[in-house]
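Enquirer: Structure, please.
(one chain, ligands or ions: 1)
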Amino acid sequence: MRAVLLGPPGAGKGTQAELIRDRLSVPHISTGELLRSAVEEGSDLGLQAKGYMDRGELVPDDLVVGLIRERIAKNAERGFLLDGFPRNLAQGETLEKMLEENGLRLDHVVNLEVPEAELVKRMMGRGRADDNEETIRSRLAVYHEETAPLCDFYRQRSVLREIDGMGTPEEISARVIAAVG
Ligand code: ADP
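Expert: The predicted structure follows:
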């Protein structure tokens, strides 16, 4: 299975990715986690990415694509669950090309739908470095402007599955697994 988890910040992509990975034993690739470890290690990439993340902006495409290209290539045949990538149309097109080169395509794109008030509540409760009010506001704005258009992109390709992201993590993962299983 080659799948993408899509949805606004705070929608629970990371939580769902872990539950699904355990259930379907498919490798989970999270750009947010990879970027946060690069920042922690203080690598060149981490130093370049940090400012964007602190401001709630997207890290430039070339940095993010460089970070995950090989991981995707390595798992392209076996399958993967992407969380946090793609996050704009250019990244969506890059991913499509990478897969097409190997005669592959995405099977499912799961869009987790959660009302904005709930997103803010979840992020404020999480307390990650970028979970402060100002950054949350920019991340939501970036989501609407850059990431939400991917819904149409994938709807046109008939791979979009819209899932209600309200409820307990287990209730939501049951819906996701029913949609992609
Ligand atoms: P959330 O979904 O809650 O915003 P993530 O862990 O997915 O959390 O992302 C955290 C930050 O990492 C984003 O605000 C952004 O700065 C950066 N980031 C993650 N994935 C990407 C990506 N595909 N392209 C650009 N920036 C990214």
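Enquirer: ok, now how distant is the closest residue to residue 90 other than its chain neighbours from residue 118?
Expert: Nearest residue to residue 90, sequence neighbours excluded (CB to CB, 6 or more residues apart in numbering): residue 61, at 5.5 Å. For glycine as for every other residue, the C-beta is placed from the backbone atoms N, C-alpha and C. Separation of residue 61 from residue 118 (CB to CB, to the nearest Å): 29 Å.
Enquirer: ditto for residue 88
Expert: From residue 88 over to residue 118 the distance is 24 Å, taken as CB to CB.
Enquirer: Comparing the two, which residue is more hemmed in?
Expert: residue 88 (20 against 15; other CB atoms under 10 Å).
Enquirer: Name the residue of this structure with the shortest distance to the ligand.
Expert: The nearest approach of the chain to the ligand comes at residue 32, 1.8 Å away (CB to the nearest ligand atom).
Enquirer: for that residue, what are its contacts?
Expert: Neighbour list for residue 32: 14, 83-84 [criterion: CB atoms under 8 Å, 6 or more residues apart in numbering].
Enquirer: Residue 27 now?
Expert: Taking CB under 8 Å, 6+ apart, one finds 21, 75, 78-81 in contact with residue 27.
Enquirer: how close does it sit to residue 17?
Expert: 10 Å.
Enquirer: Now the common contact residues for the two.
Expert: What both residue 27 and residue 17 touch, as defined by CB under 8 Å, 6+ apart, is the set residue 81.
Enquirer: so what pLDDT did the residue nearest to residue 90 get?
Expert: pLDDT for residue 61: 97.
Enquirer: what comes up buried for the longest helix that the chain contains?
Expert: Counting residues, the longest helix found in the chain (DSSP state H) is helix 61-75. Under the neighbour-count criterion of 16 or more other CB atoms under 10 Å, helix 61-75 has 63-65, 67-68, 71-72, 75 buried.
Enquirer: residues making contact with stretch 90-108?
Expert: Residues outside stretch 90-108 that contact it (CB under 8 Å, 6+ apart) are 1-4, 61, 64-65, 69, 72-73, 76-77, 82, 85-86, 150, 153-154, 157, 159, 161, 179-180.
Enquirer: Mark which of the residues you listed are buried, thanks.
Expert: Buried among the contacts of stretch 90-108 (16+ other CB under 10 Å): 2-4, 64-65, 72, 76, 82, 85-86, 150, 153-154, 159, 161, 180.
Enquirer: With that, I have no additional questions.
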